[in-house]
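Asks: What would the 3D arrangement of this be:
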Amino acid sequence: MLSATLGFFVLAAMTATLLTHALAQATRLTPIWGAPMILVLAAFLYQCRNEWTRIFHAAHPVASSRETPALTVLAIVTGALTTFILANAVGLGPVVGASLVGAIGALIARNKAAAVYCGAFVGMVSQDCLYASTHVTLAALLAAAVFLLAAPVFNGFGGKLGTIAFIGCVAMAWLTGNPLSQAPIPAANVKALIVLFSVAASMGTFSLSTRLKLGPVMASALVGLAGGLLLPPLMPETGPMLAVVVICASFTGMSSRERLADERRLALAGLITGLIFIFTLPAMGGAGGKLGTIAFASSLAAKSLADRATHRSKDE
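Replies: Numbering: from 1, shown residues only. A predicted model of the protein is given here:
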């Protein structure tokens, strides 16, 4: 119970921190964008409250973790180092590198595919943030500890694995004194493309995962791989950024039917993912798992907003 509580609050606090950065940036850019980001932050916090009540105070006791700690840690560290090597030494880049590791993990280590993919998100870290494999290994070990603590909570929400990786990478960057990067807010036409690709990737991943029964890891990996291989050569100016958007939104699409029931709800989650992506570009960049944290915030916020809309329509 204590470990699950700690895992719950660590995930919620890290995500709320990133959302606060998004709100501040949106408000600074123009006050009109502050309103939807306030709504997203409020919806996220409200869903966290619902999860706390459902798990810890209702008739849904926290289940004991079925994870095998040693194998889980090994899977996360292996996923992290393999992705880091593929992305940097081999030159595939973080999107393609993580996607390949996720797909291979889903094929040959199905029971540990989630742990391998979580590690892959750690391995997406920028070399400006964590430049040595030893640092990546330590970040993966920190992520593995959070993975085990948080195993019973927030299950079924897309982006949980990335949030775990983000915690490990940010903590390690802080410990090593390495800076996190910043990127500018893009022009209006690029913003529109970001939202469009985000919605499409969220819905597409969810459909592959649930309707074609590929499972969330394989579905996300395939969508990320397609985006990483196709978009940069097809759209030289915006393709590299859109490939990052696609894999980010694919994490949103990893949500289960129990959390987000259909593609309409995934469209809402994808819209939120695109908006958060835009307004967090100047904050906490380069840390592996940031994209998953965006997806996690979006999944919880979309769940809250969709449920309230459903209840309102029933009351009417």
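Asks: which residues touch stretch 97-114?
Replies: Residues outside stretch 97-114 that contact it (CB atoms under 8 Å, 6 or more residues apart in numbering) are 71-72, 75, 79, 82-87, 90, 92, 116-117, 119-121, 123-124, 161, 215, 217-218, 220-222, 224-225, 228, 247. The way it works is simple: take the backbone N, C-alpha and C, and place the C-beta from them, glycine included.
Asks: Now it: buried residues?
Replies: For stretch 97-114, the neighbour count (16 or more other CB atoms under 10 Å) marks 97-106, 109, 112-114 as buried.
Asks: Dump those to CSV, plus distance to residue 273.
Replies: Shown next, in CSV, are the buried residues of stretch 97-114 (distance: CB to CB, whole Å):
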residue, distance to residue 273
97, 21
98, 17
99, 17
100, 22
101, 22
102, 18
103, 21
104, 25
105, 23
106, 22
109, 27
112, 26
113, 22
114, 20
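Asks: Just give me the closest of the residues you listed to residue 200.
Replies: Taking CB to CB as the measure, residue 99 is the one of these closest to residue 200, at 16.5 Å.
Asks: Please report how far that closest one lies from residue 228.
Replies: From residue 99 across to residue 228, the span is 6 Å (CB to CB, to the nearest Å).
Asks: Show me whatever sits in contact with both of these two.
Replies: Here residue 99 and residue 228 share the contacting residues residue 247, scored by CB under 8 Å, 6+ apart.
Asks: Scan this protein for its longest helix.
Replies: Across the chain, the longest stretch assigned as helix under DSSP state H is helix 2-29.
Asks: ok so, going back, could you dump the buried residues of stretch 97-114 to JSON lines with secondary structure and pLDDT?
Replies: As requested, the buried residues of stretch 97-114 are arranged in JSON lines below (DSSP: H, G, I helix; E, B strand; the rest coil; pLDDT from 0 to 100):
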{"residue": "97", "secondary structure": "helix", "pLDDT": "98"}
{"residue": "98", "secondary structure": "helix", "pLDDT": "98"}
{"residue": "99", "secondary structure": "helix", "pLDDT": "98"}
{"residue": "100", "secondary structure": "helix", "pLDDT": "98"}
{"residue": "101", "secondary structure": "helix", "pLDDT": "98"}
{"residue": "102", "secondary structure": "helix", "pLDDT": "98"}
{"residue": "103", "secondary structure": "helix", "pLDDT": "98"}
{"residue": "104", "secondary structure": "helix", "pLDDT": "97"}
{"residue": "105", "secondary structure": "helix", "pLDDT": "96"}
{"residue": "106", "secondary structure": "helix", "pLDDT": "96"}
{"residue": "109", "secondary structure": "coil", "pLDDT": "88"}
{"residue": "112", "secondary structure": "helix", "pLDDT": "95"}
{"residue": "113", "secondary structure": "helix", "pLDDT": "96"}
{"residue": "114", "secondary structure": "helix", "pLDDT": "97"}
